[in-house]
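1. heads up, no residue letters with this:
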């Protein structure tokens, strides 16, 4: 590629930061990091944050199950809806309240890995931490994101990152997933030079 | 959704969204910790010009489960029976910083006046106005109908679905019933077929323009096997002295739901009542306490539906201000 | 006194002629007027000259409810609306049921000097519907009362109504009935029909009006008396009056501007500015009332100008008072509903808003033809003007116009009361000697 991957084109057209292959490799790497850091998958629970964190968590879980033959992917993955824990409800268009579904064994004493597509201000993760504390008491909470674009407003950092992507505040990072958008990819949009 | 004044204002999509949100709220109410921080720092005023402990408690519970601050303002019995008081009261609430006003009023249209005036900036939720509307009651009825009767045979998740094809009989004092008016409009919007059953004196002139069939004969309607039978409360003071029906006994014979009529119904048919029930008048104890009665569940569903309504009117309320933070719109945290 | 030459107006909307006004009378018309000596010229090119309007149905509220209107503020509003004569309804406090009260109202009207005020006498003591008031004393008083009405309430008892109809014959009086069967309209809030069913507001059925009109025309026919039906509002009422007139019964009927123009659909917003008695009816009723007015079944347009203090309208529907203001919009509404729709000419407007009302009220010096020697009670209207009604800009002391924010045709440019201009260029002309 002759154009640097994270440099948007002059006319503001979206620029693809990660292709399908890049995403797949990033997720595989994150899966390995999770297993390595937690000494296997025995006490893990993966919770995807809607919308795109949910399919990402399922992909990660499926990947872990392949590597660790003892793991049942269905048994340690769930969805965590954080809508009702947000602090910006009055200032944003009304968000649809999603479903929270925990693995049957719950989260008490487990290592919960939150999974989301993009880490930006950190406010979603703050809401997720509040939501978790209402649902049980995990031994530890870790965070996996596909893209970290910076501009944090809270003291939060990701434990596992697919790609660190320096951005301007006005830019938008869009993650596309086959499950929700028909194809895989990460785009950087709306940039002006 | 800026206000909730009448079910007639709701589109099918809006109504389904409220029911879906209510389902999400209901799911949280099975947890050990039922309280959500969603409306922390927001103030909900329950402004009740008419006694209704049940409805007030339901709204109060809903608001508190969402961590809103709740102020109960009972205007009954005070000097608030005169006209100007609605305005004065509303302005007082505005000064207190009410984000939402849940209003119950004996005058039809009082919530509309509140919402249309500049007396308060808050979201107005109609908790029953005169003989006009009681939208949250109709929504909880629709929620109950959907939970029991949609996806009945497949056991499927009813999320996202309406009440297409359901047949619902609403029986009793339609003339004075805000519950009937709200349900006729909402259930029609959601695709159900409503049949009103009442003596002609308890149907309003103009009912022929409603989106419902009308019958004077309960037994004929029950013989058609409705999916749900909703009994309306009949006030005893409506009879006698040039009243609406000759005697309570005659009413019960013609329009009461008793064990005999209950036995005629298909197995899946549910029995509903907005409460409080006049046992022995519009509904017999057999019917009220039968396994197909969902009266108690209606009350529980009321909290979830009201949580959903409060969430939907209070979220996005300051969106104009939020738009200024353009960089955050559509972005992920 | 000033001699005024009004130039270029179309008399009754027909031929253009100059009109000379002198000593309170029309001194000359046409070429003689143009050539005559005069002090003031009022150019009226493009304007329509009508006889000063006569309202048989005005609530001036004084004495008793001066917070809503006074004779001063109400008659100023009347002059701006093109009126030179109003009949002040009897439901004041104290009620206009004695010679003393009607004389007081009559005198306050004279002192103000904006229009001629003719008090209406109550039919029954305190409007209570049981005992006849002293109709004879009121008729013989300085106020020379000829119209009697319990308006706001129906003379419901058939025996009392019969006696009133009979008794008023002695002094050529007329009973003006507010036709409302009370039992059928208990706690009623709006017209009973499709809209009331949906809004959950207690209905005021058309039959409650029609049943009383039917009874009253039969009674009037039986005793050979004059009956005037106030604010007729339903298609059925039009049919009954048409039938009675065909039978030779001496009945006249009135329609209000709002019943010619507004429907019950407006109630959907629950704004009490649309709350009135009798209520706004359906579009079919409005059409029937327009047709009845056009074909002469309905004789007059009366404003039923009913001012209310702000707090009586700034509230929920059920708590609000019934009534709308109308003096300053009546002519525009009639133009919009009847003239601009091609159903009536300006001469017809003069008939229903001036000639016939004056004749019914037995007012000798109002509602006269525009002819030499007649009293110079005149109104100049610009039919081409359009204006947006603003409640705050009106002269009435109350804000409860249902036409606020609406654009209406026509504008009263000038009004002359016995030769003196009360309104010029659309504004009141303050005069010496006026006493509030």
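-> On my side now, so go ahead. Just so we're clear, the structure is a prediction, and the values are computed from it rather than from any experiment.
2. residue contacts, the residue most central in space within chain A?
-> In chain A, the C-alpha closest to the average C-alpha coordinate belongs to residue A:116, at a distance of 1.6 Å (C-alpha atoms, centre = their mean). With contact set as C-beta atoms under 8 Å, 6 or more residues apart in numbering or on different chains, residue A:116 has these partners: A:48-49, A:52-53, A:56, A:124-125, A:128, A:143-146, B:332. In this view, the C-beta of every residue, glycine as well, is placed from N, C-alpha and C.
3. Does it fall in a helix, a strand, or a coil region?
-> Going by DSSP: H, G, I helix; E, B strand; the rest coil, the secondary structure assigned to residue A:116 is strand.
4. Can you name the residue of chain A nearest to chain C?
-> For chain A and chain C, the shortest gap (C-beta to the nearest C-beta) falls at residue A:94, measuring 25.6 Å.
5. Next up, the contacts around that residue.
-> Taking C-beta under 8 Å, 6+ apart as the definition, contacts of residue A:94 comprise B:1, B:312, B:315, B:316.
6. Go again with 6 Å.
-> Listed by C-beta atoms under 6 Å, 6 or more residues apart in numbering or on different chains, the contact set of residue A:94 reads B:315, B:316.
7. in the lengthiest helix in chain A, what counts as buried?
-> Using DSSP state H, we find that the single longest helix of chain A is helix A:20-37. Of the residues in helix A:20-37, those with enough neighbours to count as buried (16 or more other C-beta atoms under 10 Å in any protein chain shown) are A:22, A:23, A:26, A:27, A:30, A:31, A:34, A:35.
8. Which neighbouring residues are in contact with the fifth one, exactly?
-> Going back to what we said before, that points to residue A:30. Applying C-beta under 6 Å, 6+ apart as the definition, the contact partners of residue A:30 turn out to be A:144, A:160.
9. Regarding the residue nearest the centre of chain B, what is its secondary structure?
-> Chain B has residue B:137 as the residue nearest its centroid, 1.2 Å off, counting by C-alpha atoms, centre = their mean. Judged by three-state DSSP, the three-state class of residue B:137 is helix.
10. before we move on, the earlier item: mind checking how far the residue of chain A closest to chain C is from residue C:97?
-> Residue A:94 sits at a distance of 62 Å from residue C:97 (criterion: C-beta to C-beta, to the nearest Å).
11. What residues does the stretch 51-200 of chain C have near chain A?
-> The interface of the stretch 51-200 of chain C toward chain A, taken as C-beta under 6 Å from any C-beta of the partner chain, is empty, with no residues included.
12. where exactly do the strands run in the stretch 51-200 of chain C?
-> With DSSP state E, counting those that start in this stretch as the definition, the stretch 51-200 of chain C shows strands at residue ranges C:53-58, C:83-88, C:116-119, C:147-148, C:174-177, C:190-191.
13. and what of chain A?
-> With DSSP state E, the ranges of strands along chain A come out as A:15-18, A:44-48, A:77-79, A:111-119, A:140-148, A:160-164, A:172-176, A:185-189.
14. Any chance of CSV for the ones you listed, columns distance to residue C:305?
-> Putting these into CSV (distance: least, C-beta to C-beta, whole Å) gives the following:
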stretch, distance to residue C:305
strand A:15-18, 72
strand A:44-48, 70
strand A:77-79, 67
strand A:111-119, 67
strand A:140-148, 72
strand A:160-164, 77
strand A:172-176, 62
strand A:185-189, 64
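15. Take these and write them to TSV, including mean pLDDT.
-> Formatted as TSV, the entries for those read as follows, by pLDDT from 0 to 100:
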stretch	mean pLDDT
strand A:15-18	92
strand A:44-48	96
strand A:77-79	95
strand A:111-119	97
strand A:140-148	97
strand A:160-164	97
strand A:172-176	94
strand A:185-189	93
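16. pLDDT averaged over stretch B:211-221 - what is it?
-> In this model, stretch B:211-221 carries a mean pLDDT of 98.
17. Could you do stretch B:63-71 as well?
-> Mean pLDDT, computed over stretch B:63-71, is 96.
18. ok, that stretch near chain A or not?
-> No: judged by C-beta under 6 Å from any C-beta, stretch B:63-71 stays clear of chain A, getting no closer than 7.6 Å.
19. List the buried residues in that stretch.
-> By neighbour count, with 16+ other C-beta under 10 Å as the criterion, the buried positions of stretch B:63-71 are B:63, B:64, B:65, B:66, B:68, B:69, B:70, B:71.
20. Give me the pLDDT value at the nearest residue to the first one once chain neighbours are set aside.
-> The shortest distance from residue B:63 to any residue that is not its chain neighbour, by C-beta to C-beta, 6 or more residues apart in numbering or on different chains, is 4.2 Å, and that residue is residue B:44. Each residue has a pLDDT score; the one for residue B:44 is 97.
21. Over to residue A:92?
-> pLDDT for residue A:92: 83.
22. what about it, neighbour count?
-> Using other C-beta atoms under 10 Å in any protein chain shown as the criterion, residue A:92 is surrounded by 18 other residues.
23. can I see the domain layout of chain B?
-> According to automatic domain parsing, chain B comprises the domains B:7-133+B:299-332, B:135-297.
24. next one: chain C
-> Following automatic domain parsing, one finds the domains of chain C at C:4-48+C:373-428, C:52-360.
25. out of those domains, deepest packed?
-> Among these, ranked by average contacts under mean count of other C-beta atoms under 10 Å in any protein chain shown, first place goes to domain C:52-360 (a mean of 22).
26. Sketch out the low-pLDDT regions of chain A for me.
-> A:1-12, A:191-193 (pLDDT under 70).
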